[in-house]
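Student: pasting the sequence and the predicted model now:
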Amino acid sequence: MEVIEVKRGEKMDEILKKANTLIEAIPYIKKFSGKTFVIKYGGSAMVDEDINKLLIKDIVLFKLLGINIVIVHGGGPFIKETLDKLGKYSDFIDGLRVTDSETMEIVEMVLSGGVNKKIVNSIEAHGIKSAGVSGKDGNILTAKKKEIKNGDLGFVGDIKSVDTSLIKTLLEKDFIPVISPVAKDENFDTYNINADYAASEISSRLNAQKLIFITDTKGVMKDVNDEKTLISLMDLKGAKENIEKGIISGGMIPKVECCVKAVENGTKQVHIIDGRMKHSMILEIFTDEGIGTMFVKGGNYEKSKNN
């Protein structure tokens, strides 16, 4: 059968490019349908409405393709904005906000009552069921007070344990769980938990196929001033060596440590992507090259994305 050649203009080239992208996505769609992705929602996507709308559409597409989605979100800019409006100013120790009981009440209100429900509403506007919960619900996250050498942070916590029973129930009922990183300890005191660590721990307990960190950076680069030096694929040995060599430095260190810990404890693959790029999750997950940095355990694996 003869293939008909079509005279192509710029518009036709664009259409064919979209079609080729869809064809390229087929093996990934087949591979990931029925799997669980945990998405740590943060960065500019939290505050920029246009970016937020595009990312929500990506999440909805993942769900429609049969992927189980769990979202863990932060909300630092909204907490600061609310505290400033109330004239509530905090001290910081080693970059961490000292959180007294009054501040913790405000943090919980903003994260669990404001940011959380906004994400839920955005998802449900597309006809997808979503449920907003905090780490306190169903003992998803149990906290312990974060201890530091240089003082007392108040109600800032580390994760003591994770219970995924409620999350699994929501997934079985076809909901997208949206989780705020607020937890209680054994005395029922409430603590603020770092959202990156919460996402890492939850992903590991779920044995998720992927943990995706939505950030304001392209990924891990050998030279932070040169985006062409992006490291697209890194195993755990390489990640640890790059931290030791100083290639991974500053604020990227705790992010990468979360990636390493997640893979060590049960998550198959972890991605750091730039949420400011249009449809960044689709480009990272459903194309051969991807656009961010993916972390894998190591050993024998293909030197390409998502294998």
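Tutor: Looks like it came in fine. Numbering: from 1, shown residues only.
Student: quick one: distance of stretch 106-126 to the chain centre.
Tutor: 16 Å (Cα atoms, centre = their mean, to the nearest Å).
Student: pull out the buried positions in it.
Tutor: For stretch 106-126, burial by neighbour count (16 or more other Cβ atoms under 10 Å) applies to 106-108, 110-112, 115-116, 118-120, 122-123. C-beta: built from backbone N, CA, C; applies to glycine.
Student: could you export those residues as CSV, including secondary structure and distance to Gly76?
Tutor: As requested, those are arranged in CSV below (DSSP: H, G, I helix; E, B strand; the rest coil; distance: Cβ to Cβ, whole Å):
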residue, secondary structure, distance to Gly76
Ile106, helix, 13
Val107, helix, 10
Glu108, helix, 14
Val110, helix, 10
Leu111, helix, 10
Ser112, helix, 15
Val115, helix, 10
Asn116, helix, 14
Lys118, helix, 15
Ile119, helix, 15
Val120, helix, 19
Ser122, helix, 19
Ile123, helix, 21
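Student: so which of those residues is the closest to Ser200?
Tutor: Leu111 (17.7 Å; Cβ to Cβ).
Student: now that closest one: how far from Ser134?
Tutor: As judged by Cβ to Cβ, to the nearest Å, Leu111 and Ser134 stand 7 Å apart.
Student: ditto for Ile148
Tutor: Counting by Cβ to Cβ, the gap from Ile148 to Ser134 is 24 Å.
Student: compare those two (neighbour count), which wins?
Tutor: Using other Cβ atoms under 10 Å as the criterion, Ile148 and Ser134 rank with Ser134 on top: 22 against 11.
Student: packing partners of the lengthiest helix in the chain?
Tutor: Longest helix in the chain, counting residues (DSSP state H): helix 10-32. Other helices and strands packing on helix 10-32, by 3 or more Cβ pairs under 8 Å, 6 or more residues apart in numbering; DSSP states H and E, are helix 280-285.
Student: who does the helix it packs on touch, helix- and strand-wise?
Tutor: helix 10-32, helix 49-64, strand 210-215, strand 269-274.
Student: stretch 222-241: how far from the chain's middle?
Tutor: That offset, for stretch 222-241, works out to 19 Å (Cα atoms, centre = their mean).
Student: also stretch 76-89?
Tutor: Distance, centroid of stretch 76-89 to centroid of chain: 23 Å (Cα atoms, centre = their mean).
Student: now it: mean pLDDT?
Tutor: In this model, stretch 76-89 has a mean pLDDT of 91.
Student: what's it in contact with?
Tutor: With contact meaning Cβ atoms under 8 Å, 6 or more residues apart in numbering, stretch 76-89 is reached by Met46, Val47, Ser90, Glu102, Thr103, Ile106, Val107, Met109, Val110, Leu111, Gly114, Val115.
Student: number of nearby residues for the spatially closest residue to Thr229 that is not a sequence neighbour?
Tutor: Excluding the flanking residues, the one nearest Thr229 by Cβ to Cβ, 6 or more residues apart in numbering is Lys222, at 4.0 Å. Per other Cβ under 10 Å, the neighbour tally for Lys222 reads 13.
Student: hmm, Ile247 and Lys222 touching each other?
Tutor: Yes - counting by Cβ atoms under 8 Å, Lys222 does reach Ile247; the two are 5.7 Å apart.
Student: so which of the helices and strands packed on helix 280-285 comes closest to Glu201?
Tutor: strand 210-215 (10.2 Å).
Student: so how far is the closest one off the chain centroid?
Tutor: 3 Å.
Student: tell me the angle it makes with helix 10-32.
Tutor: Here strand 210-215 points in a direction 130 degrees away from that of helix 10-32 (axes from the mean of the first three to the mean of the last three Cα atoms, to 10 degrees).
Student: picking that back up, need the worst-confidence member of the contacts of stretch 76-89.
Tutor: At the low end of pLDDT for the contacts of stretch 76-89 is Ser90, which has 81.
Student: any idea which of the buried residues of stretch 106-126 is closest to Asp189?
Tutor: When the buried residues of stretch 106-126 are compared against Asp189 (criterion: Cβ to Cβ), the nearest one is Glu108, at 11.6 Å.
Student: quick one: buried residues of stretch 172-183?
Tutor: Phe175, Ile176, Pro177, Val178, Ile179, Ser180, Pro181, Val182, Ala183.
Student: list the contacts for the first one?
Tutor: Counting by Cβ under 8 Å, 6+ apart, Phe175 touches Lys129, Ser130, Ala131.
Student: buried ones among the residues you listed?
Tutor: Ser130, Ala131.
Student: the helix or strand Ala239 falls within - what's its average pLDDT?
Tutor: According to DSSP states H and E, Ala239 maps onto helix 236-245. Averaging pLDDT along helix 236-245 gives 91.
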